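A.B. asks: Return atomic coordinates for the entry below.
(chains A and B)
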Amino acid sequence: DTGVSQNPRHKITKRGQNVTFRCDPISEHNRLYWYRQTLGQGPEFLTYFQNEAQLEKSRLLSDRFSAERPKGSFSTLEIQRTEQGDSAMYLCASSPKLGSHEQYFGPGTRLTVT
Amino acid sequence: AQSVTQPDIHITVSEGASLELRCNYSYGATPYLFWYVQSPGQGLQLLLKYFSGDTLVQGIKGFEAEFKRSQSSFNLRKPSVHWSDAAEYFCAVGSNDYKLSFGAGTTVTVRA
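C.D. replies: Reported below is the predicted structural model:
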C-alpha cells in the first residue's frame, strides 16, 4: 500500500494557460475524490468517481474544469484558461470500497496562477 | 446539507499539556465524523473516525475524540502534546452520499 500519489506537487502557470494534474489512488480503491483547499480554509468537495463513472460535480467546478478517470484507476483534473482565483491546493482522496466512508488523501498539488 | 464549525482558529499549548479541539456539526441523520491532521504543505492524514457504537473513539498518535449527539459535537483530545503535534487539524462530517464537509480548521502551536 503506497498511498495516494499526486503529480506534480507544485505548478506555477500564467493566467490563461491550461494545466492538468494527475492522481493515482490506493490500489483497488473504487472511489476517487477531488477537493480544493484555499489558504486558511478546509478542503471543499469538487467531484468524485466510482470506478470510471463521475457521479457528482460541485457547483464550484465551473465549465473550465474537467475531470476524468478513464479506466477506473488514475484520474486527471484539467483546468482550462486558468485564472488567479484558481490558485489553491488541489487534493485527491480515495476510498476502499462501496459503503466505506473513510477517505485517504494524497499530498496535494499546489497551483499558483500568476 | 451538512456543515462543520470549528470555533477555535488558533490554539497555543505548552509541550506536555493537554489539548482539546472543538468541533460542532450539523447533519440531519446519523453522522460519520472524522478528524484529520495536516502538516504545512502536506495532505491530510486521518487521525480517527466515528461511525457508530462506542462514543469515545481512539485514534493514532495518542488522540481520542468523543461523540456527543445531544451537543452535536465531536471534540478531539490528547492528554499530553508533543512538539510534533503542531499542525492544522480539521474536523469533517460525511453523509450518505460519501462526500466530506470540512471545518475551517484549527491551527495548533506547541511551545517549549
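A.B. asks: and stretch A:40-47, which residues are buried?
C.D. replies: Going by neighbour count (16 or more other Cβ atoms under 10 Å in any protein chain shown), the buried part of stretch A:40-47 is A:42, A:43, A:44, A:45, A:46, A:47. Backbone N, C-alpha and C define where each C-beta goes, glycine included.
A.B. asks: give me the beta-bridge partners of the nearest residue to residue B:8 once chain neighbours are set aside?
C.D. replies: Using Cβ to Cβ, 6 or more residues apart in numbering or on different chains and skipping the chain neighbours, the partner closest in space to residue B:8 is residue B:106 (5.0 Å). Beta-bridge partners of residue B:106, counted by DSSP bridges, are residue B:89.
A.B. asks: residue contacts, residue B:106?
C.D. replies: Residues near residue B:106 by Cβ atoms under 8 Å, 6 or more residues apart in numbering or on different chains: B:6, B:8, B:9, B:10, B:11, B:21, B:22, B:88, B:89.
A.B. asks: I'd like the distance between it and chain A.
C.D. replies: Between residue B:106 and chain A the computed distance is 10 Å (Cβ to the nearest Cβ, to the nearest Å).
A.B. asks: ok, how many other residues are close to residue A:85?
C.D. replies: Using other Cβ atoms under 10 Å in any protein chain shown, residue A:85 is surrounded by 9 other residues.
A.B. asks: Kindly report the same for residue A:26.
C.D. replies: The burial count for residue A:26: 17, using other Cβ under 10 Å.
A.B. asks: what does chain B put close to chain A?
C.D. replies: Chain B has residues B:4, B:32, B:34, B:36, B:41-46, B:49, B:51, B:90, B:92, B:94, B:97-105 near chain A, with proximity defined as Cβ under 8 Å from any Cβ of the partner chain.
A.B. asks: Would you report which members of the residues you listed are assigned to strands?
C.D. replies: Mapping the residues of chain B next to chain A onto strands (DSSP state E) picks out B:4, B:32, B:34, B:36, B:44-46, B:49, B:90, B:92, B:94, B:100-102.
A.B. asks: What's the per-residue pLDDT of residue A:81 here?
C.D. replies: For residue A:81, the pLDDT comes out at 97.
A.B. asks: Surely it touches residue A:19?
C.D. replies: No: look at residue A:81 against residue A:19 with Cβ atoms under 8 Å: they stay out of range, at 10.2 Å.
A.B. asks: Now residue 25, what are its backbone angles?
C.D. replies: No chain specified, so I'll use chain A. Main-chain torsions, residue A:25, degrees, to the nearest 10: phi -80, psi 170.
A.B. asks: That one and chain B, how far apart?
C.D. replies: Distance, residue A:25 to chain B, using Cβ to the nearest Cβ: 13 Å.
A.B. asks: who are the neighbours in contact with the closest residue to that residue other than its chain neighbours?
C.D. replies: Closest residue to residue A:25 apart from its sequence neighbours, by Cβ to Cβ, 6+ apart: residue A:94 at 3.4 Å. For residue A:94, the contact set (Cβ under 8 Å, 6+ apart) comprises A:4, A:25, A:26, A:29, A:31, A:32, A:33, A:103, A:104.
A.B. asks: This completes my enquiry, with thanks.
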